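*Asks:* Task: produce atomic coordinates for the following.
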Amino acid sequence: METYQEEVYQTGKQIGKAYIFNFTKFDSDPNDRRQGSGKDAEKLTDVFDTFGFETRTETEDQDQTTLSMFNKKLDDIAKQDFSDFASLVMVFMSHGDGHHIFVKDGRFFIEDIYQKFYGNKCATLLGKPKMFVFQACRGNKTNVAVDESPPKTDATRDEGVSLQSLPADSDCLVCNATTKGFVSFRDKDNGSWYIQTLANVLLAYYKCKIKGQSRKQDILQLLTIVSRNVAKKQFGSTETPSEEGPIGPQADTVPIQFTQMPTFISTLTKLFYLPQRKVETENITQIF
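*Replies:* You can find the predicted model right below:
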């Protein structure tokens with residue numbers, strides 16, 4: 001008779017490697033620098049470092065990264081020996097068209113990223129959790145909220161990635177800032193709604209400050225908390241929100257309030273727990 005039991009990915013001493021790609025310069029629009037995305041890269045770097053990841057932030061290199069250079073960087077990462085590492089996290093922040101990521105001189109097909117890290121392509125990642133995070137829009141539609149008082153914010157839109165590219169391979173987790181067909185928002189001064197919330201929730205988990213029946217949550221529970229908190233965010237105005245689509249700035253004056261709904265798709269086969277700091281219970285102030 002078939003039995004069912006809970007299994008957990010073993011993290012060991014080396015939790016994993018994290019790569020953060022933040023594209024900020026595009027030949028199609030030299031004036032578009034995706035303001036605020038630097039805040040996202042900095043915060044994520046700090047968070048992954050806190051968890052003990054070996055973190056590489058590609059922000060400074062992305063201004064000159066062409067399609068061929070980006071492809072080679074991905075190939076070089078996939079060829080690495082991950083035997084001593086328990087997981088891989090890759091974050092991509094850029095414009096796109098729903099199926100591609102935009103780099104300096106063109107578009108890179110999303111599915112080609114996943115395939116480079118399949119178990120048959122990267123043997124030392126076989127059976128290990130691989131997390132891909134995309135801060136980007138997935139269409140032109142805007143989610144709206146009704147009868148709420150929105151915060152004042154200078155939000156911008158990114159174009160992005162479709163979850164249709166998710167491979168059938170196991171042990172993968174793909175996280176998108178928004179649902180298919182919709183935009184995501186980024187504040188020019190404070191960074192994107194999704195990445196900032198993701199970083200805050202992960203850091204709160206590390207410090208044991210997540211409210212709930214258990215002091216330890218797996219990554220899918222944490223992502224659900226992220227989704228809930230992003231979904232509660234809103235901004236609205238009769239003014240024109242700035243849009244940074246791949247074909248240049250566009251605008252539409254709408255007296256409504258905007259919101260956003262992140263998504264994730266998991267083919268993880270075990271529970272994935274990140275490490276936590278050991279703290280005394282009485283010193284915990286829960287925030288999520």
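*Asks:* so what pLDDT did the nearest residue to L67 once chain neighbours are set aside get?
*Replies:* Nearest residue to L67 in three dimensions, chain neighbours excluded: G106, at 4.7 Å (Cβ to Cβ, 6 or more residues apart in numbering). In this view, the C-beta of every residue, glycine as well, is placed from N, C-alpha and C. Per-residue confidence (pLDDT) for G106: 87.
*Asks:* Run through the bridge partners of G106.
*Replies:* V103 (DSSP bridges).
*Asks:* Touching the helix or strand harbouring F264 from outside, list them.
*Replies:* Following DSSP states H and E, one finds F264 within strand 263-266. Applying Cβ atoms under 8 Å, 6 or more residues apart in numbering, the external contacts of strand 263-266 come out as 163, 166, 172-176, 178-180, 220, 223, 227.
*Asks:* W193 touches T178, doesn't it?
*Replies:* No. Using Cβ atoms under 8 Å, W193 is not in contact with T178; the gap is 9.2 Å.
*Asks:* who has more neighbours, these two?
*Replies:* T178 (30 against 26; other Cβ atoms under 10 Å).
*Asks:* excluding its backbone neighbours, what's nearest the more buried one?
*Replies:* S184 (4.2 Å).
*Asks:* The one you found: how many residues sit nearby?
*Replies:* Neighbours of S184 using other Cβ under 10 Å come to 29.
*Asks:* so which strand or helix has the spatially most central residue of the chain?
*Replies:* By Cα atoms, centre = their mean, the chain has its centre lying nearest to V133, at 3.1 Å. Using DSSP H and E, V133 sits in strand 130-135.
*Asks:* hang on, E6 packs against T269?
*Replies:* No. With contact defined as Cβ under 8 Å, E6 does not reach T269; the gap is 11.2 Å.
*Asks:* Those two: which has the busier surroundings?
*Replies:* T269 (13 against 7).
*Asks:* remind me which residues of this protein are low pLDDT?
*Replies:* In the predicted model of the chain, residues 30-32, 59-63, 137-139, 142-168, 213, 236-256, 279-285, 288 satisfy pLDDT under 70.
*Asks:* again, only using 50
*Replies:* 146, 148-155, 157-168, 237-254, 282 (pLDDT under 50).
*Asks:* For it, which segments count as helices?
*Replies:* Assigned by DSSP state H, the helices in the chain fall at 37-51, 67-78, 110-115, 193-206, 219-231.
*Asks:* Of all these, which one comes closest to F92?
*Replies:* Taking Cβ to Cβ, helix 110-115 is the member of these nearest to F92, at 7.6 Å.
*Asks:* just the CA coordinates of the closest one, formatted as CSV?
*Replies:* Extracted as CSV, the C-alpha positions of helix 110-115 are listed here (Å, rounded to 0.1, in the frame of the first residue of the first chain):
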residue,chain,number,x,y,z
ILE,A,110,11.9,33.0,-20.3
GLU,A,111,11.7,29.2,-20.9
ASP,A,112,15.3,29.2,-21.9
ILE,A,113,16.3,30.3,-18.4
TYR,A,114,14.4,27.3,-16.8
GLN,A,115,15.8,24.8,-19.2
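*Asks:* Can you list the buried residues in it?
*Replies:* I110, I113, Y114, Q115 (16 or more other Cβ atoms under 10 Å).
*Asks:* With the flanking residues excluded, which residue is spatially nearest to the second one?
*Replies:* Just to be clear, that refers to I113. L74 (6.3 Å).
*Asks:* ok so, going back, need the residues touching each of W193 and T178.
*Replies:* By Cβ under 8 Å, 6+ apart, the residues touching both W193 and T178 are S184, Q260.
*Asks:* Nearest residue to R186 in space, ignoring adjacent ones along the chain?
*Replies:* Closest to R186 by Cβ to Cβ, 6+ apart is S192, at 4.0 Å.
*Asks:* how many neighbours does that neighbour have?
*Replies:* 26.
*Asks:* so what's it up against?
*Replies:* Going by Cβ under 8 Å, 6+ apart, the list of residues near S192 reads G36, S37, D40, M93, Q135, D158, A177, S184, F185, R186.
*Asks:* could you redo the last one with a cut-off of 6 Å?
*Replies:* D40, Q135, R186 (Cβ atoms under 6 Å, 6 or more residues apart in numbering).
*Asks:* how about those residues in CSV, adding distance to V89 and neighbour count?
*Replies:* CSV is the format used below for the contacts of S192 (distance: Cβ to Cβ, whole Å; neighbours: other Cβ atoms under 10 Å):
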residue, distance to V89, neighbour count
D40, 14, 26
Q135, 13, 31
R186, 20, 31
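*Asks:* Closest one to L88 out of those residues, please.
*Replies:* Using Cβ to Cβ, the contacts of S192 come closest to L88 at Q135, 17.7 Å.
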